[in-house]
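J.: Okay, here's the prediction I keep looking at, along with the sequence it came from:
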Amino acid sequence: MGEKESNVKGMLTLEQLEAAIRGGSIDTLILAICDMQGRLMGKRLTGDYVLRQGIVKGTHFCVYLLGTDMAMNTPTGYQLMSWESGYGDWLAAPDWTTLRMIPWLDKTAMVLCDVLDEKTGLLVPIAPRTILKAQLEKAAEKGVRFKAASELEFYLFKEPYDAIYRKNYSGMQAAGHYNEDYHLLQGTRNEPIYRTIRNQMIEAGIPIESSKGEAYTGQHEMNLLYGDALVSADRHLLFKHGVKEIAIQHDCAVTFMAKPHHQWTGSSGHLHISMWDAEEERNLFYDPQAEPHHMSESIRHFLGGVLAFTRDFSLCFASNINSYKRYASESWAPVSLVWSVDNRTSGFRIVGERQSLRIENRIPGADMNPYLAYAAMIGAGMYGVESKLEPPPEFKGNAYARCDLPRIPSTLGEAKELWRESPVVQRVFGEQVAQHYYNMARVEQQAFDAVVTDWERSRYFEQG
């Protein structure tokens, strides 16, 4: 089973934090929340302030952080925050089980926070971490827990972010000059930074299983060790943030965009998930007597829910305009919502044996918000368990070659309307969350639709 967070290298207790501050080995504490787009937002507190004032309560932040677009604009349409309501404060309340060293930042520790309404003392329902916790609590009431892990792909560039920005994100050269999928020789060229990432993640309490070259020039994959679903989502978020910070320190850049260039292979964010009993001793997906593939009734019904409602929840797996550019035939990104055993053309694979039997969801891109993606998969799956939904028969063959299979939405516009019209999204997440994230998608689509692109100019300027 996955390690408990308290037993993982790099994690700290409050007592260890205080001792480290007094001893001078830590002088900065970061308090961080996750925003809707899957980014870390927060404050850096001085060690001196922590010792003088204490921070058991947490720190305040403006509510607008959970109501912006990617560019930090404050669009209309959000019920919980607006200029009319004055953009007040919420509380970032530390979850001290997440306290850890950040080895790539000098003398720095970090703690992830939940978002509280200080007036009511309740978790703010639209915060991504709250959304996942709500699904896990509902599952716990039924006596089940979830373990999960993420596989994340990204592109490395041997030039810094600001240089890429100054040339308007054009002419970018990914690190390498040929496809490096599993290729040890090509991987060696960038091994110094990949090795730094692997080792410093482990030092930060984010266990890494392995890394490998991926299916295009300069593309790489790292696999995180599995564990409790909330812990794994936390690690996923910190990993993405940390990789970018390490790249900055090496005058490099990385991107987790789902499709950085139309000619390049997309970057995936595969999710592996399994269901366990309350004591975390037995994988409920595995039944030694069941056929086929020892798949229990629980995994069948869970898979039935996921297959039935992934289209409804696709905003959680692919949340922006670019996310949908990744879904293309014979691209290593799935387009069909079918399941198979060890078949990479299907949206869902059944992998592992006995206690490691699990579902691999190949739908999400590397740009996903992990809390939302984990929550959507668990919510849809548990709906299937409660409703005893049976999945269709196992798909065999090349799913890319079939046009009659259910497919992931092809655009954000299609996805947001499926989300808005879905009674299952409303039931699983609640009306407030459903409305909030519909507005997020609406704002993103509206921003894209207002821009004239280089593609349009090159196509229509002379000949249109």
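T.: Yep, it's here.
J.: Phi and psi next, for residue 147.
T.: phi -110, psi 150 (degrees, to the nearest 10).
J.: cool, residue 436 as well?
T.: Residue torsions, per degrees, to the nearest 10, at residue 436 are phi -60, psi -50.
J.: Just the pLDDT for it.
T.: On the pLDDT scale, residue 436 is placed at 97.
J.: The closest residue to it other than its chain neighbours in helix, strand or coil?
T.: Spatially, and ignoring its direct neighbours in sequence, residue 436 is nearest to residue 126 (4.4 Å; Cβ to Cβ, 6 or more residues apart in numbering). For the C-beta atoms, the positions are set from N, CA and C on the backbone; glycine is no exception. Assigned with DSSP: H, G, I helix; E, B strand; the rest coil, residue 126 falls in the coil class.
J.: What are the neighbouring residues in contact with residue 126?
T.: By Cβ atoms under 8 Å, 6 or more residues apart in numbering, the contact set of residue 126 is 66, 80, 432-433, 436-437.
J.: Buried members of those into ChimeraX, please.
T.: Of the contacts of residue 126, the buried ones go into a single ChimeraX selection, burial set by 16 or more other Cβ atoms under 10 Å:
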select :66,80,433,436,437
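J.: Make sure I have this right: residue 83 is in a helix.
T.: No. Checked against three-state DSSP, residue 83 lies outside a helix; its state is coil.
J.: Distance check, it against residue 247.
T.: Distance, residue 83 to residue 247, using Cβ to Cβ, to the nearest Å: 36 Å.
J.: Settle it for me: which of these two has more neighbours?
T.: The residue with more neighbours, out of residue 83 and residue 247, is residue 247; 21 against 9, by other Cβ atoms under 10 Å.
J.: The more buried one contacts residue 254, doesn't it?
T.: Yes. Using Cβ atoms under 8 Å, residue 247 and residue 254 qualify as a contacting pair, with a distance of 4.7 Å.
J.: Between those two, which contacts overlap?
T.: Residues within reach of residue 247 and of residue 254 at once, by Cβ under 8 Å, 6+ apart, are residue 156.
J.: just how off-centre is the worst-scoring helix or strand of the chain on mean pLDDT within its chain?
T.: In the chain, no helix or strand scores lower on mean pLDDT, DSSP states H and E than helix 184-189, which sits at a mean of 85. Between the centre of helix 184-189 and the centre of its chain there are 27 Å (Cα atoms, centre = their mean, to the nearest Å).
J.: Need the pLDDT of residue 6.
T.: pLDDT, read off for residue 6, is 55.
J.: do residue 226 as well
T.: 94.
J.: nearest residue to it other than its sequence neighbours?
T.: Closest residue to residue 226 apart from its sequence neighbours, by Cβ to Cβ, 6+ apart: residue 149 at 3.4 Å.
J.: ok, which stretches of the stretch 51-200 of the chain are helices?
T.: With helices called from DSSP state H, counting those that start in this stretch, the stretch 51-200 of the chain shows them at 128-141, 161-166, 184-189, 191-203.
J.: residue contacts, residue 260?
T.: 155, 172, 267.
J.: Which ones among those residues map onto strands?
T.: residue 155 (DSSP state E).
J.: for residue 77, what are its contacts?
T.: Residue 77 is in contact with 439, 442-443, counting by Cβ under 8 Å, 6+ apart.
J.: CSV for those residues, including pLDDT?
T.: CSV is the format used below for these (pLDDT from 0 to 100):
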residue, pLDDT
439, 97
442, 97
443, 96
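J.: Looking at these, which is nearest residue 412?
T.: For the contacts of residue 77, the residue nearest residue 412 by Cβ to Cβ is residue 442; the value is 9.5 Å.
J.: residues contacting the closest one?
T.: Taking Cβ under 8 Å, 6+ apart, one finds 77, 416 in contact with residue 442.
J.: Distance-wise, check it relative to residue 416.
T.: 6 Å.
J.: that older thread, tell me which of the helices of the stretch 51-200 of the chain sits nearest to residue 224.
T.: With respect to residue 224, and counting by Cβ to Cβ, the nearest of the helices of the stretch 51-200 of the chain is helix 191-203 at 8.2 Å.
J.: Need the phi and psi values for residue 12.
T.: Backbone torsions of residue 12, given as degrees, to the nearest 10, read phi -130, psi 150.
J.: wait, it sits on residue 97?
T.: No. Using Cβ under 8 Å, residue 12 makes no contact with residue 97, being 10.3 Å away.
J.: Those two: which has the busier surroundings?
T.: Between residue 12 and residue 97, counted using other Cβ under 10 Å, residue 12 has the larger neighbour count: 21 against 16.
J.: What are the buried residues along the longest helix anywhere in the chain?
T.: Longest helix of the chain, by residue count under DSSP state H: helix 229-249. Within helix 229-249, the residues scored as buried using 16+ other Cβ under 10 Å are 229-244, 246-247.
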